[in-house]
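Asks: Below is the structure, and that's it, no one-letter string:
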């Protein structure tokens, strides 16, 4: 693992069987600062899930757990956050959004956050 990478999990949930939940747990366990945004409030591994887009600064990674249709509501939010990268977890791949990220010089990767963390490639 490299340094602490401040991460926003977009599509966070309190449902423990979901990948977004597991990602928050693993990010916290690996020492990363985590912010979470989801449809419902709650808490995972001490991280409060916000239901409204919160202002974010100095974000290293935005980890997406929203399908492409739901991502559209967050295009401007994500671009304005100026993350170093956006991770498109399995099922969230979105070529339309890739083009917008390219135009704004934001790196993106179709990759599983859980796998990257497990392999210490995050």
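Replies: Perfect, I can see it now. In this text, all values refer to a predicted model and were calculated from it rather than measured experimentally. Numbering: from 1, shown residues only.
Asks: Could you report the distance from the residue nearest to residue 23 when sequence neighbours are not counted to residue 95?
Replies: What sits nearest to residue 23 in space, not counting adjacent residues and going by Cβ to Cβ, 6 or more residues apart in numbering, is residue 113, at 4.6 Å. In this view, the C-beta of every residue, glycine as well, is placed from N, C-alpha and C. Per Cβ to Cβ, to the nearest Å, residue 113 is found 20 Å from residue 95.
Asks: So for these two, which residue has more residues nearby?
Replies: A direct count of neighbours by other Cβ atoms under 10 Å for residue 113 and residue 95 places residue 113 higher, at 26 against 9.
Asks: what's in contact with the lengthiest helix in the chain?
Replies: The longest helix of the chain (DSSP state H) is helix 19-29. The contact list for helix 19-29, computed with Cβ atoms under 8 Å, 6 or more residues apart in numbering, reads 7, 9, 11-16, 34, 36, 38, 44-47, 63, 65, 89-90, 112-114, 117-118.
Asks: and residue 35, backbone torsions?
Replies: When quoted as degrees, to the nearest 10, the phi and psi of residue 35 stand at phi -120, psi 150.
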